[in-house]
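In: Starting from these lines, generate the structure:
(one chain, ligands or ions: 1)
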Amino acid sequence: MEEIKKRRKIIIIEDEVPIAELLAYSLKKEGFLAKFALDGNTGMEILREFKPDLIILDLMLPDISGFDICRQVTRDYNIPIIMLTAKSDITDKILGLELGADDYITKPFDIREAIVRIKTIFRRIERISESLENKASESIIITNDIKIFNEEHKVAKNNEFIELTPKEYALLFILAQNKGRVFSRSELLDKVWGFDYFGDSRTVDIHIQRIRKKLDTNKNISIIETVFGTGYKLVK
Ligand code: CA
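Out: Next up is the predicted model:
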């Protein structure tokens with residue numbers, strides 16, 4: 001089975017040529033199919049054709065910003081993103097993670113350490129998406145108007161599909177599978193982002209707010225209840 005497993009594809013979008021080349025070269029040596037682009041527009045073009053399993057994205061690009069790419073990829077594709085950020089830039093990291101990036105690597109980095117980290121993050125992301133796939137046939141009724149179709153990874157409200165990002169979807173799905181059970185923020189971080197994820201629990205809050213905005217009909221009664229001092233639960 002192992003040998004017929006297809007090679008994972010990775011695209012690196014990074015305008016610093018030595019970094020882009022070194023990452024591509026090292027990832028190829030590890031058995032990945034790797035391509036790189038030196039600006040955002042080329043990156044998006046290659047992405048459409050190449051259909052990568054992972055994007056390694058520099059935030060400071062000469063044409064479009066890495067944040068815009070994050071936003072676009074999260075909206076139109078279901079491809080995990082690892083950002084490359086400057087070590088000092090905490091706000092960049094938080095914003096990137098909020099926009100849908102899965103994790104980050106700080107520059108400058110040691111290439112061997114970076115490769116180990118990329119592989120670890122990638123494995124974690126795949127494990128989480130597999131555990132969602134395994135429950136693929138489950139459909140869950142949240143309220144009379146809202147229903148999850150897990151096979152399609154879609155949510156319908158009043159018989160219309162609502163656009164949720166992959167992370168928003170995963171959060172809702174986990175809450176919906178255990179209606180009434182309270183999940184702490186760190187538990188949700190573990191389940192949706194992975195135990196070795198570096199972001200903080202604010203990421204969870206922001207995603208919950210977005211789900212509410214998209215799904216709640218009544219501003220005063222949310223389908224996702226905040227349990228003060230503990231976390232969140234989906235109302236029964
Ligand atoms: Ca750059």
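
In: isn't Glu98 right up against Gln209?
Out: No - with contacts counted by C-beta atoms under 8 Å, Glu98 stays clear of Gln209, the gap being 10.6 Å. For every residue, glycine as well, the C-beta is placed using N, CA and C.

In: more neighbours, those two?
Out: Counting neighbours by other C-beta atoms under 10 Å for Glu98 and for Gln209 shows that Glu98 has the greater number, 17 against 12.

In: so which strand or helix has the closest residue to the ion within the chain?
Out: Distances from the chain to the ion, computed as C-beta to the ion, single out Met60 as the nearest residue at 3.9 Å. Met60 is part of no helix or strand, with elements assigned from DSSP states H and E.

In: With the one 10 residues further on instead?
Out: Assigned by DSSP H and E, Cys70 belongs to helix 66-76.

In: and that helix, does that touch the ion?
Out: No - among the residues of helix 66-76, none lie within reach of the ion under C-beta under 5 Å from the ion; the closest is 8.2 Å away.

In: Export that helix to CSV, keeping only CA atoms.
Out: In CSV, the C-alpha atoms belonging to helix 66-76 read as follows (Å, rounded to 0.1, in the frame of the first residue of the first chain):
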residue,chain,number,x,y,z
GLY,A,66,0.5,36.8,1.6
PHE,A,67,-2.6,37.7,3.6
ASP,A,68,-4.7,38.1,0.4
ILE,A,69,-3.5,34.7,-0.8
CYS,A,70,-4.5,33.2,2.6
ARG,A,71,-7.9,34.7,2.3
GLN,A,72,-8.3,33.5,-1.3
VAL,A,73,-7.1,30.0,-0.7
THR,A,74,-9.2,29.5,2.4
ARG,A,75,-12.3,30.7,0.4
ASP,A,76,-11.7,28.8,-2.8
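
In: So for the residue of the chain closest to the ion, what's the pLDDT?
Out: pLDDT, Met60: 92.
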